[in-house]
Every structure is written in structure tokens, then in C-alpha cells.
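J.: Provided below are the primary sequence and the corresponding predicted coordinates.
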Amino acid sequence: MGDRWQVEVDRSLCIGSAQCTHLAPTAFSLDSAMQSHPTDPETDANEKILEAAEGCPVEAIMINLLGSGETVFPPEE
């Protein structure tokens, strides 16, 4: 069984660039306020979701391992 992720978007940071929807169109969508949200906050680990988080210009996407809460993205400094 593979890793499961908890995916969140910090709406106070999201600027609606839609990079996440271009990089992972099945994983993110924009709402009427033009802010991103994950289509499924609890999901299987997925390279496209990680690419979307890395491509977010304001690092508004957080990914944690489901269960342990260990940070996947953004990297700890």
C-alpha cells in the first residue's frame, strides 16, 4: 500500500494563478473567488500533485502524510 496525503491550500496565500490546475487538473480546481482547493483533500501520493505544490508561486499548497502528519511539502527549512 502506498502513501496517502493530506493536501491543503492556504486561502490566505492563494493568489489564483491557476498553476496548480494546469499542472494537476484533476487534483485542484478554482472556486468562484478564483482560489484553489484540492478536489480530494485525502489522496494517494501523486507526482502531479507534488509538481503543482512546487509550481505554486506563493507556496500556498501544503502536503502532509496522512496519519503521521509528516511534512511532504513545503520542505522544512
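T.: Structure received. Numbering: from 1, shown residues only.
J.: buried set for whatever helix or strand residue 53 lives in?
T.: Element membership of residue 53 [criterion: DSSP states H and E] is helix 47-55. Using 16 or more other Cβ atoms under 10 Å as the test for burial, helix 47-55 gives 49, 50, 52, 53. In short, each C-beta sits where N, CA and C put it, glycine included.
J.: turn those into a markdown table, columns for distance to residue 29 and pLDDT.
T.: Formatted as a markdown table, these follow (distance: Cβ to Cβ, whole Å; pLDDT from 0 to 100):
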| residue | distance to residue 29 | pLDDT |
| --- | --- | --- |
| 49 | 13 | 97 |
| 50 | 18 | 97 |
| 52 | 12 | 98 |
| 53 | 15 | 98 |
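J.: for these, which one is nearest residue 16?
T.: residue 52 (13.9 Å; Cβ to Cβ).
J.: and that closest one, what does it touch?
T.: 19, 20, 23, 24, 27, 28, 61 (Cβ atoms under 8 Å, 6 or more residues apart in numbering).
J.: quick revisit: pull the CA coordinates from the helix holding residue 53 and hand them back as CSV.
T.: C-alpha atoms of helix 47-55 as CSV (Å, rounded to 0.1, in the frame of the first residue of the first chain):
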residue,chain,number,x,y,z
GLU,A,47,3.8,13.2,-8.6
LYS,A,48,1.5,15.7,-10.3
ILE,A,49,0.2,17.0,-7.0
LEU,A,50,3.8,17.4,-5.8
GLU,A,51,4.6,19.2,-9.1
ALA,A,52,1.6,21.5,-8.5
ALA,A,53,2.7,22.3,-5.0
GLU,A,54,6.3,23.0,-6.2
GLY,A,55,4.9,25.2,-9.0
